[in-house]
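Undergrad: My questions are about this predicted structure, shown below with the sequence.
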Amino acid sequence: MKNVFVQGPISPTFIAESIAKHSHKTNIGAHDLFLGQVRADKHQGKEVLEIDYSAYEDMANKEFHLIRERAFEKYDLCCMHIYHSLGSVKSGEISLFVFVSSKHRAMAFDACRAIVEDIKALVPIWKKEIYKDKSHNWVE
Amino acid sequence: MKVEVMFFGVLTELMKNKKCSFYDCEDTESLLKKLYEVNADLRNKTFQIAVNNELITQNKALQDGDKIALMPPFAGG
């Protein structure tokens, strides 16, 4: 089963290279990308410095696989890639990268949104916000 | 009969551990009873239970070697 997790943030260079890798797939007419970025939210007056992501990796990779299977069944997709961070991701950095490619835009838009919503609802991943004073809070 | 229990998210701090072993729990109800004895505050927490990577919604019989995960609400993305 494919491992969706990457240690630390997902770099803009990695995202650019992922796009470039699709230039030879000339049946694709539409890419849709979702990028989740860590916000510098305030919690009880303290600003988020970074988020520490953790997961039940075995089950999470299984859920990612099922999300992928369902999306391919429901939508006419050429390809799909999902990457999610584990460990520390600073505010302003990317923690989730969903990349969906299809012949036409409507499929790509619909599939990308459905996949992101499924990830939020079904995948066992947790966030620990770490503040500038090094205190923390689990996001629930 | 031994089962492995894994804690995630905020529960790792509450239980002061990421995993532990329990003996002679015939089902998830009896396991939960033992966990509440270890830390009564667990009763006040919201979590789902998975047995061998499958979410359960009602009491489930346990077998030797089962892996049980206690998972607070998910927060991916």
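TA: On my side now, so go ahead.

Undergrad: out of everything not next to it in sequence, what's closest to A:E140?
TA: Closest residue to A:E140 apart from its sequence neighbours, by Cβ to Cβ, 6 or more residues apart in numbering or on different chains: B:P73 at 5.2 Å. C-betas here are computed from N, CA, C, even on glycine.

Undergrad: what is the residue nearest to the spatial centre of chain B paired to in the beta sheet?
TA: In chain B, the C-alpha nearest the mean C-alpha coordinate belongs to B:L70, at 3.9 Å (Cα atoms, centre = their mean). Note on B:L70: beta-bridge partners by DSSP bridges are B:F7, B:I49.

Undergrad: Which element, helix or strand, includes A:D133?
TA: For A:D133, there is no host helix or strand (DSSP states H and E).

Undergrad: Near it, how many other residues are there?
TA: Residues lying near A:D133 (other Cβ atoms under 10 Å in any protein chain shown) number 9.

Undergrad: re earlier: test my guess that the residue nearest to the centre of chain B contacts B:F8.
TA: Yes. Between B:L70 and B:F8 there is a contact under Cβ atoms under 8 Å: 6.9 Å.

Undergrad: how far away is the residue nearest to A:H43 when sequence neighbours are not counted from A:C79?
TA: Excluding its sequence neighbours, the residue lying closest to A:H43 (Cβ to Cβ, 6+ apart) is A:N137, at 5.6 Å. A:N137 is 37 Å from A:C79, where distance means Cβ to Cβ, to the nearest Å.

Undergrad: and A:G8, what does it touch?
TA: If a contact means Cβ atoms under 8 Å, 6 or more residues apart in numbering or on different chains, then A:G8 has A:85-89 as its contacts.
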